[in-house]
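Chemist: below are the sequence and a predicted model; questions follow.
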Amino acid sequence: MSDSNDGSSSAAQRARHPEDESAGQSKSGFFSRVIGALSPTDTGDLAPNDLPQALPGMPQQTTPGMVNLRRMRVEDVMIPKSEILSVSVDIKKTELVELFRESGLTRLPVFDGTLDSPVGLVHLKDFALTHGFGGTKGGTSERYALKNLLRPLLYAPPSMPIGVLLQKMQTERIHMALVIDEYGGVDGLVTLEDLIEQVIGEIEDEHDTEESALWLEEKPGCYLVEAKAPLDEFEAAIGVRLMGEDDDDEEIDTLGGLVFLLSGHVPARGEVILHPDGPEFEVVDADPRRIKRLRVRIPAQQDG
């Protein structure tokens, strides 16, 4: 990913002078060029029927694409305040190590007193190179002080287009932003990955379940399942019917869709939804717009 600033002209100017485009591309940032390629009419010319439509009662799902850079706002993709994992500036070294280990995150926002008073972010690389691996600085052991490891954060209003924030992140080389409300309080958090996923789709990393393994039997009667797993295939694999007779008229294709139907809302991480016939669905991973991963428990199979 290029971190250089965007010095290119508009898309219209490039169209008039194609011979200058190849030279300018090497100097402009990748995401700046993507944003510049979108003319103001990219969203205005779309008819309502051309936009992705959700089924009645279902949450709006957005199709990845460059048009989202102008159409979507920061508030559409942010992690809500209640789900932000952050640390106090006076956290102990051992506690910070444990939090990095358990969460699998590489960046954590840091606050002084409360999250509404952010002071920056701590990067796992900075912490590990200074205090991990027997790290030393200048030949002597570096005394732990989290405030000395802080990197700056970006701040963005909820109404900012995600394309504007993406370009700002690239220009300032900062991969995390806090969403601030009109009173200066923290509303949510957005990462660079959250924004890029709106253009190219979900990005799987080493902490995610492999694409080919839509479900995994952790132990008898307990399954770790991707929410996008086809419902009929999962039912066949476990030998249990999860769709009730009254639900046959519903257009439900995935396990995540069934859980949404049962709960009536987009469940938060850690929430448990009970099936009328006994199975339990625990939300292992989710964001404000969709369920990602579930743990399914079948009591009858657990009892042998």
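Modeler: Okay, I see it.
Chemist: where along the stretch 151-300 of the chain do the helices fall?
Modeler: Applying DSSP state H, counting those that start in this stretch to the stretch 151-300 of the chain gives helices spanning 162-172, 192-200, 231-238, 255-263, 299-302.
Chemist: make CSV out of these and add mean neighbour count.
Modeler: Any C-beta I mention is one placed from the backbone N, CA and C, and that applies to glycine too. Below are the helices of the stretch 151-300 of the chain laid out as CSV (neighbours: other Cβ atoms under 10 Å):
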stretch, mean neighbour count
helix 162-172, 20
helix 192-200, 18
helix 231-238, 15
helix 255-263, 21
helix 299-302, 13
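Chemist: among those helices, which comes closest to Lys92?
Modeler: helix 192-200 (28.6 Å; Cβ to Cβ).
Chemist: packing partners for the closest one?
Modeler: helix 68-71, helix 74-77, helix 162-172 (3 or more Cβ pairs under 8 Å, 6 or more residues apart in numbering; DSSP states H and E).
Chemist: of all those helices, which lies closest to Val87?
Modeler: helix 162-172 (21.5 Å).
Chemist: that closest one vs helix 192-200, what angle?
Modeler: Counting by axes from the mean of the first three to the mean of the last three Cα atoms, to 10 degrees, helix 162-172 lies at 130 degrees to helix 192-200.
Chemist: tell me where the longest strand sits in the chain.
Modeler: Using DSSP state E to define each element, the chain has its longest strand at strand 114-123.
Chemist: ok, back up a step: for Asp116, find the nearest of the helices and strands packed on helix 192-200.
Modeler: That would be helix 74-77 among these, by Cβ to Cβ, at 17.4 Å.
Chemist: pLDDT on the closest one, on average?
Modeler: Averaging pLDDT along helix 74-77 gives 89.
Chemist: next secondary structure after that helix?
Modeler: As assigned by DSSP states H and E, the chain's next helix or strand after helix 74-77 is strand 79-80.
Chemist: tabulate the helices and strands packed on helix 192-200 (JSON lines), appending distance to Leu124.
Modeler: Shown next, in JSON lines, are the helices and strands packed on helix 192-200 (distance: least, Cβ to Cβ, whole Å):
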{"stretch": "helix 68-71", "distance to Leu124": "29"}
{"stretch": "helix 74-77", "distance to Leu124": "23"}
{"stretch": "helix 162-172", "distance to Leu124": "19"}
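Chemist: for Arg293, which of these is the nearest?
Modeler: Nearest of these (Cβ to Cβ): helix 74-77, 18.5 Å.
Chemist: cool, thanks, talk later.
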